[in-house]
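S.K.: turn this into a model:
(2 chains)
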There are 2 protein chains.
Amino acid sequence: MSDENFPACPLPISEYPRILLAHGGGGRLMHRLIDDIFVVSFADLALESGHDGAILDRPDGRIAMTTDSYVVDPLFFPGGDIGSLAVCGTVNDLAMCGARPLYLSVGFIIEEGFETALLWNIAQSMRQTARAAGVYIVTGDTKVVDRGRGHGVFINTAGVGVLEQDIHIAPERIRVGDRIIVNGDIGRHGTAIMAVREGLSFEPEIKSDCAALHKAIESLLAAGVEVHCLRDLTRGGLATTLVELAETSGLGLSVNESVVPVCDGVSGACELLGFDPMYVANEGRFAAIVPEGEADRVVEILRTIHGMTECADIGDVISSRSGRATIRGMLGVERVIQMLSGEQLPRIC
Amino acid sequence: MSDENFPACPLPISEYPRILLAHGGGGRLMHRLIDDIFVVSFADLALESGHDGAILDRPDGRIAMTTDSYVVDPLFFPGGDIGSLAVCGTVNDLAMCGARPLYLSVGFIIEEGFETALLWNIAQSMRQTARAAGVYIVTGDTKVVDRGRGHGVFINTAGVGVLEQDIHIAPERIRVGDRIIVNGDIGRHGTAIMAVREGLSFEPEIKSDCAALHKAIESLLAAGVEVHCLRDLTRGGLATTLVELAETSGLGLSVNESVVPVCDGVSGACELLGFDPMYVANEGRFAAIVPEGEADRVVEILRTIHGMTECADIGDVISSRSGRATIRGMLGVERVIQMLSGEQLPRIC
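M.R.: Down below sits the predicted model:
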């Protein structure tokens, strides 16, 4: 991981190169850590310091609320880091409800001995990602746990967003005949993480697809697309999402393997590592279920967005009331997609 | 810790006595864990399963947002557990803004190998505490980290509350002449935790004061008390709160040691362990800064509330523009209260 993307640590931080238990103790050192790193990083994102909570305007509609904890290892990886992930992941969960993300809270659980400079970089990454996404980091919390009782840093973010009047995006709106669109090629995030873990390097480097998705969703809604359902393709990948949506809606979801976009790098790496890209986690990919007549327009809109040129219509909702997702393989054989029974491979969250 | 307060684990849980990495993997096992424990525990608290976020009504006013992570060790202690703490702590942060707590999110970071039955008890404790407090647990997240990279379970809760039209409770409203009220005797939570850690037992047992405080605050506001500032006395205890409020307001805060309520048990235990109760954390205590003319009424109202009979008027805001908090000792000597420079003793959060 390189520091080049982040401003250098300000002077005071170099005086305490590692986080001590006392930095979570509620006393002078904790106040200093918060002032030096979090207030400096998040000041213009409206993190209020010295208060237990943030007071915010009355939202202009129903609100959506979501939370996610981020325990990714390694903390820095090609295409992102735990900080950008902690902002994008929670922004995306709000976007998948059709909500416009407004506010994030952030809770850090830091292992004693963690490098202060890395914490600075993570905070700066959160700052950059939140600014680009147009969300505010309004309140936070810092805990330090004994060495060996944590692992570097864990981050929880919770998000609050606002919904336009009439939006109802949910699995129960899925209808027979709907098309299934993915907004880009799948499997990048999990593959990028796994490559770092295994010490493998690919040429060209595989970067995480980590990105905030709410502007893409806003584009669809602004264009008047009747979006039935949205789901980001995180833990468990596209396969798990398809199974979940089929089970929740009680309908059949059918996709064509030959049109599911996977880039050559991911495809090659997955073959080498023994993974199926369908199950590999993404952090900037979603499935949109839309009426048949809207599918072409959705693809057209998404293709204009940075990072989504590979977006594709990969299948449809079939009349079978099976509650199952199926995939038609390259040879035309249709098989049922199973949810992973056990462990996510690679584990990346 | 005893199980008597919680309903027995339902049958399916006994089939997996310990949490596996796969329970955080996004596949079938994770769905099962969520269904068996969290959906069962939080169903009538409106935790929506199978969604990335919860959709909630438009709040009837400005909102407050807050977050806290809970890493307490031991997980179960006299008077509470990490679950009740995770609900009360965040409810209290909202209450200290003058907000009525509405919604909580909850993020679990579970160490591989953690006993499933304990997770059940924690979820049940959260359920009971949230029901009693009248707040909804609307969305959640579960992560599992490798053995040795966490410590049992960490919980993050974020909270959203609503504020009545005109409320403005903040350090800048503190005025010279205001009185400082604490809602009960201090030092119980930290002492209770420390006693368990050190294997000490006191007679009678010292219980944590862990409690939701929003109803007490609502009572004050409903009675028309003009509350200037509120702060819960958690990490760093009463002493740290007084220093923070003095620094933020730029005024002098002066308390009388002889009237700061400390029960005999806490006082004796602190002497034995070498702690000053002024710095010991509480989880059900707050300081209210109110106009002089309101002080008696505030004490009167709080004394009628369960657990707050020891509530007391402990000092006032003095005309000195020192930004310092001072304490007048038993012998009449006034000394400046310092914020802890280093570690919280005992560390309990």
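
S.K.: look up phi and psi at residue A:162.
M.R.: As for residue A:162, its main-chain torsions (degrees, to the nearest 10) stand at phi -120, psi 140.

S.K.: skipping adjacent residues, who's closest to it in space?
M.R.: Closest residue to residue A:162 apart from its sequence neighbours, by C-beta to C-beta, 6 or more residues apart in numbering or on different chains: residue A:59 at 4.5 Å. Every residue, glycine included, has its C-beta placed from N, CA and C.

S.K.: hmm, that neighbour is touching residue A:103, no?
M.R.: No - with contacts counted by C-beta atoms under 8 Å, residue A:59 stays clear of residue A:103, the gap being 9.3 Å.

S.K.: quick one, which of these two is more surrounded?
M.R.: Taking other C-beta atoms under 10 Å in any protein chain shown, residue A:59 and residue A:103 do not tie; residue A:103 has more neighbours (26 against 22).

S.K.: could you look up the SS state of that one?
M.R.: Secondary structure for residue A:103, judged by DSSP: H, G, I helix; E, B strand; the rest coil, is strand.

S.K.: just the buried positions in stretch A:291-303, please.
M.R.: Across stretch A:291-303, burial judged by 16 or more other C-beta atoms under 10 Å in any protein chain shown covers A:294-295, A:298-299, A:301-302.

S.K.: can you list those in CSV and add secondary structure?
M.R.: Conversion of the buried residues of stretch A:291-303 to CSV gives the following (three-state DSSP):
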residue, secondary structure
A:294, helix
A:295, helix
A:298, helix
A:299, helix
A:301, helix
A:302, helix
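
S.K.: which neighbours do residue A:59 and residue A:103 have in common?
M.R.: Residues touching both residue A:59 and residue A:103 by C-beta atoms under 8 Å, 6 or more residues apart in numbering or on different chains: residue A:160.

S.K.: still on that earlier bit, closest one of the buried residues of stretch A:291-303 to residue B:275?
M.R.: Sorting the buried residues of stretch A:291-303 by how near they are to residue B:275, with C-beta to C-beta, puts residue A:302 at the top with 59.5 Å.

S.K.: which residue, other than its chain neighbours, is closest to the closest one?
M.R.: Residue nearest to residue A:302 in three dimensions, not counting chain neighbours: residue A:311, with 4.2 Å by C-beta to C-beta, 6+ apart.

S.K.: for the closest residue to residue A:37 other than its chain neighbours, give me the backbone phi and psi.
M.R.: Leaving out its chain neighbours, the residue that sits closest to residue A:37 by C-beta to C-beta, 6+ apart is residue A:123, at 5.2 Å. Main-chain torsions, residue A:123, degrees, to the nearest 10: phi -60, psi -40.

S.K.: and the one 10 residues further on, by the same measure?
M.R.: As for residue A:133, its main-chain torsions (degrees, to the nearest 10) stand at phi -80, psi -10.

S.K.: okay, the host helix or strand of residue A:117 in PDB with CA atoms only?
M.R.: Secondary structure from DSSP states H and E places residue A:117 in helix A:116-133. Coordinates of each C-alpha in helix A:116-133 appear next as PDB, following Å, rounded to 0.1, in the frame of the first residue of the first chain:
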ATOM      1  CA  THR A 116      -1.100   5.800  14.000                       C
ATOM      2  CA  ALA A 117       0.000   6.800  10.400                       C
ATOM      3  CA  LEU A 118      -2.200   4.000   9.000                       C
ATOM      4  CA  LEU A 119      -5.200   5.300  11.100                       C
ATOM      5  CA  TRP A 120      -4.500   8.700   9.500                       C
ATOM      6  CA  ASN A 121      -4.500   7.200   6.000                       C
ATOM      7  CA  ILE A 122      -7.700   5.300   6.700                       C
ATOM      8  CA  ALA A 123      -9.400   8.500   8.000                       C
ATOM      9  CA  GLN A 124      -8.200  10.400   5.000                       C
ATOM     10  CA  SER A 125      -9.500   7.700   2.700                       C
ATOM     11  CA  MET A 126     -12.900   7.900   4.400                       C
ATOM     12  CA  ARG A 127     -12.800  11.700   4.100                       C
ATOM     13  CA  GLN A 128     -12.100  11.500   0.300                       C
ATOM     14  CA  THR A 129     -14.700   8.900  -0.300                       C
ATOM     15  CA  ALA A 130     -17.400  10.600   1.700                       C
ATOM     16  CA  ARG A 131     -16.700  13.900   0.000                       C
ATOM     17  CA  ALA A 132     -16.900  12.400  -3.400                       C
ATOM     18  CA  ALA A 133     -20.100  10.600  -2.400                       C
END
